[in-house]
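Asker: Pasting the sequence and the predicted model now:
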Amino acid sequence: MALIELKDVNKTYFGAQPLHVLKGINLNIEKGEFVSIMGASGSGKSTLLNILGILDSYDTGEYRIDGKLIKNLSEKTGADYRNRMIGFIFQSYNLIGFKTAVENVELPLFYQGIGRHKRRELAMEYLERMGLTDWASHFPNEMSGGQKQRVAIARALVTHPDIILADEPTGALDSRTSVEIMDLLGKLNREEKMTIIVVTHESGVANAADKIIHIKDGVIGSIEENSRHDASRFGDGSTIK
Amino acid sequence: MSSKWLDIDYYRELLDTLTRNKSRTVLTGFGVFWGIFMLLALSGGSTGLKEILSRNFEGFATNAALFIPGQTSKPYAGFQKGRTWTMDTDDIEAIKTQVPGLASISPICLTWQTKVVRGDKSYSSASVKGLTYEYYQIETPKIKYGRGLNAFDEYNSSKVCVIGKRVYENLFPEGGDPCGQRIEVDGVSYLVIGMDINAGDMSIGASADQTVSIPLSLFRALYGRGKRVDLLGITAKKGVMVKDIQTKTRHVLARRHNIDPEDELGVMSVNTEAIFRMVDNLMRAVDILILLVGLGTILAGAIGVSNIMMVTVKERTTEIGIRRAIGATPRMILGQIIGESILLTTGAGLLGVVFSVLVLSGAELAATKDGVLTAHFQIGFWPAVAAVAGLAALGVLAGLAPALRAMKIRPVDAMRDE
């Protein structure tokens, strides 16, 4: 059984003009896969990411994580699932500005009700793995973009989630740092069998994944196996417009 | 949920959020701080002022009326207006028989700006008052040394005197018991038998601290007043309104001296009961005013907290969205915002309490004379506790609207807002 199962998922935004964003998405992602979802803006990839991250609801169809149906969850259960099953990495890092690096990493554990000492210990352990031990007591505005994103990755990992969801993780980084971050994610996938889903519009980023899912106008266009990660790295002409 | 209130981490999280956003916290808390400071400082100040004011009436009977012969302002019984007249001892007898409900009646004679001498020391703005011991029912002396005048002094026309505080300070700068010493007034030597430290500003004729009291019979003999009486004081029996005996006495005096009974300038009189009631009402009005101003200020402060937190929640959309995305339930967010609000109002309120206590202590220090506290400005312990408890409740209310808004923030908002 696949870790993530999407069956005919539909989503419509009801505004002045109803907008059918996802038109029957069928997708299975196995445990330990490194997948990227690619699409232009307006293709529905952000909506799909929100649904995958239990940040948004869908209208019809079924979405299961590890067999559990994710539908019409209460806010409380939703928060609990997000906390335990999903680790988020955002384009704008989304660290809390008035908290230090280690406190930011601790925060998901705080909401799990884990004690202060245990929290600090785990957070330090993950910061160390990101090579940020010396930066633990620094505030986000004292760090570079790459460091901030690594803090965010530590925060995503600290709860041992089933899935890492990364939304344009390199969108705010220069190309050299982008490579570092993508290599880091790749290493996590290879060495710890972490399931990683990266949403991007940059083909260079998508190329780091083993599987590239192209989404267009609310439907999955093609799924391409990608074993040659160095086929196209960051550079000119690598962006799908 | 219940365990959350015991979790030290919960409070640490609140404290962190407040202390790391200092300017926001200070701005938000200032309204409440100022409100509680105003309320406590004002109420403490009014208590002290009340005490100072009531000290003016210290030792003065609340059931007395005074009569002073004035200049008639109405023509009556063939006399033109503008006539002056004097009271005499016969009036006293007439009043005693014709006014029921009278408790005491005491005539007073006095001089102004009289020089008092003791050796090489002198005091020139004293007032010599001739009075009987009955007068003590109207104005009770606070005898520090010796005794007051009594019936023997009056009967014997003894050359004795009781001196007021200011007179004592000028003639006896070395301090100590003045009794047994002699002072000289208008060429007559008196034995000091007592000293009155009453400093009340309300008194008949000159202020009590500038007075040299001597027996009335002696005064009459020395100053050649004959039957004449300068002032007349009466007190009412228990259960009798001063206003009633005041009117009756006025009528008796008016009839005897051919004055219009309604001529209030012809027979001038003061009713202490009315003055006391007026002052009482004034105090009550001041209390109510202070309560309104103070509560209004606190309320304004709380609304300010609510308002700023409302703006803050909007500003913190990303932060709250992140918290929600990584696992905070809406209830946790609610708990956090309300908790911050309570902590902020209570903390700022406590600071206000401390500050007002300090200021009131300063006021008490300023009001301390010769090591004796003349007025108590300090607020009580329990009113302060009640104020802080009230603030905590206010904190919940102030935090409610912003917290409900914060609850509605969805995690998606964190990513939208960049």
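Answerer: It's in.
Asker: what's the pLDDT at A:T195?
Answerer: Listed pLDDT for A:T195 reads 93.
Asker: what is it paired to in the beta sheet?
Answerer: On DSSP bridges, the residues paired with A:T195 through beta bridges are A:I163.
Asker: Tell me how far it lies from chain B.
Answerer: Distance, A:T195 to chain B, by Cβ to the nearest Cβ, to the nearest Å: 18 Å. Where you see a C-beta, it was placed from the backbone N, CA and C, and this is true even at glycine.
Asker: so that residue makes contact with A:I163?
Answerer: Yes. With contact defined as Cβ atoms under 8 Å, A:T195 counts as touching A:I163 (4.9 Å).
Asker: joint contacts of those two?
Answerer: A:3-4 (Cβ atoms under 8 Å, 6 or more residues apart in numbering or on different chains).
Asker: So which of those two has more stuff around it?
Answerer: A:I163 (23 against 20; other Cβ atoms under 10 Å in any protein chain shown).
Asker: The more buried one touches A:R82, doesn't it?
Answerer: No. The criterion here is Cβ under 8 Å, and A:I163 misses it with A:R82 at 10.4 Å.
Asker: Nearest residue to the residue of chain B found nearest chain A in space, please, no chain neighbours.
Answerer: Distance from chain A to each residue of chain B (Cβ to the nearest Cβ) is smallest for B:G327, at 2.6 Å. Nearest non-adjacent residue to B:G327, counting by Cβ to Cβ, 6 or more residues apart in numbering or on different chains: A:N83, 2.6 Å away.
Asker: Figure out the helix or strand that that neighbour lives in.
Answerer: helix A:75-85 (DSSP states H and E).
Asker: B:S269 too?
Answerer: Using DSSP H and E, B:S269 sits in strand B:267-271.
Asker: quick one: that strand to chain centroid distance?
Answerer: Relative to the centre of its chain, strand B:267-271 is centred 25 Å away, using Cα atoms, centre = their mean, to the nearest Å.
Asker: angle of the following helix or strand past it against strand B:267-271?
Answerer: For strand B:267-271, the following helix or strand on the C-terminal side (DSSP H and E) is helix B:272-315. Interaxial angle of helix B:272-315 relative to strand B:267-271 (axes from the mean of the first three to the mean of the last three Cα atoms, to 10 degrees): 50 degrees.
Asker: hang on, the earlier thing: got a list of contacts for the next helix or strand after the helix holding A:N83?
Answerer: Downstream of helix A:75-85, the next assigned helix or strand under DSSP H and E is strand A:86-89. Applying Cβ under 8 Å, 6+ apart, the contact partners of strand A:86-89 are A:53-54, A:82, A:94, A:149, A:152-153, A:155-159, A:161-167, A:169, B:325-326.
Asker: and residue 130, what pLDDT?
Answerer: All of this is about chain A. pLDDT for A:M130: 91.
Asker: The intended chain is chain B.
Answerer: 92.
Asker: What is the burial count for the closest residue to it other than its chain neighbours?
Answerer: Closest residue to B:G130 apart from its sequence neighbours, by Cβ to Cβ, 6+ apart: B:F219 at 2.5 Å. Residues within reach of B:F219, counting by other Cβ under 10 Å, total 22.
Asker: I figured B:F219 was touching B:G226, is that so?
Answerer: No. Using Cβ under 8 Å as the test, B:F219 is too far from B:G226 to be in contact (11.5 Å).
Asker: which residue is nearest the centroid of chain B?
Answerer: Nearest to the mean C-alpha position of chain B, counting by Cα atoms, centre = their mean, stands B:K50 at 1.3 Å.
Asker: Correction: the previous question concerned chain A.
Answerer: Central residue of chain A (Cα atoms, centre = their mean): A:L165, 1.6 Å from the mean position.
Asker: So which other helices or strands are in contact with the helix or strand that one falls within?
Answerer: Per DSSP H and E: A:L165 is located in strand A:163-167. Contact here means 3 or more Cβ pairs under 8 Å, 6 or more residues apart in numbering or on different chains; DSSP states H and E; on that basis strand A:163-167 packs against helix A:45-52, strand A:86-89, helix A:145-157, helix A:175-192, strand A:195-200.
Asker: at 7 Å instead, please
Answerer: Contacts defined by 3 or more Cβ pairs under 7 Å, 6 or more residues apart in numbering or on different chains; DSSP states H and E place strand A:163-167 against helix A:45-52, strand A:86-89, strand A:195-200.
Asker: The residue of chain A found nearest chain B: neighbouring residues, count only.
Answerer: Closest to chain B within chain A is A:N83: 2.6 Å, counting by Cβ to the nearest Cβ. Residues within reach of A:N83, counting by other Cβ under 10 Å, total 20.
Asker: what sits against it?
Answerer: Counting by Cβ atoms under 7 Å, 6 or more residues apart in numbering or on different chains, A:N83 touches A:108, A:111-112, A:159, B:326-327.
Asker: Name the next helix or strand following the helix or strand bottoming out on mean pLDDT in chain A along the chain.
Answerer: Counting by mean pLDDT, DSSP states H and E, chain A has its least confident helix or strand at helix A:203-206, which shows a mean of 83. Scanning forward in sequence from helix A:203-206 by DSSP H and E, the next helix or strand is strand A:211-216.
Asker: strands paired with that next one, and their directions?
Answerer: strand A:34-38 (parallel), strand A:219-225 (antiparallel).
Asker: if we can go back for a sec, and the pLDDT at the residue nearest to B:G130?
Answerer: B:F219 is given a pLDDT of 92.
Asker: Check B:D7 too.
Answerer: Listed pLDDT for B:D7 reads 69.
Asker: On the pLDDT front, check A:V151 for me.
Answerer: Reading off the model, A:V151 has pLDDT 94.
Asker: Wait, it touches A:E106, no?
Answerer: No. Using Cβ atoms under 7 Å, A:V151 is not in contact with A:E106, being 11.2 Å away.
Asker: sorry, back to before: in PyMOL, select just the buried ones from the contacts of strand A:86-89.
Answerer: Remark: buried members of the contacts of strand A:86-89, expressed as a PyMOL selection using 16 or more other Cβ atoms under 10 Å in any protein chain shown:
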select buried, (chain A and resi 53+54+82+94+149+152+153+155+156+157+158+159+161+162+163+164+165+166+167+169) or (chain B and resi 325+326)
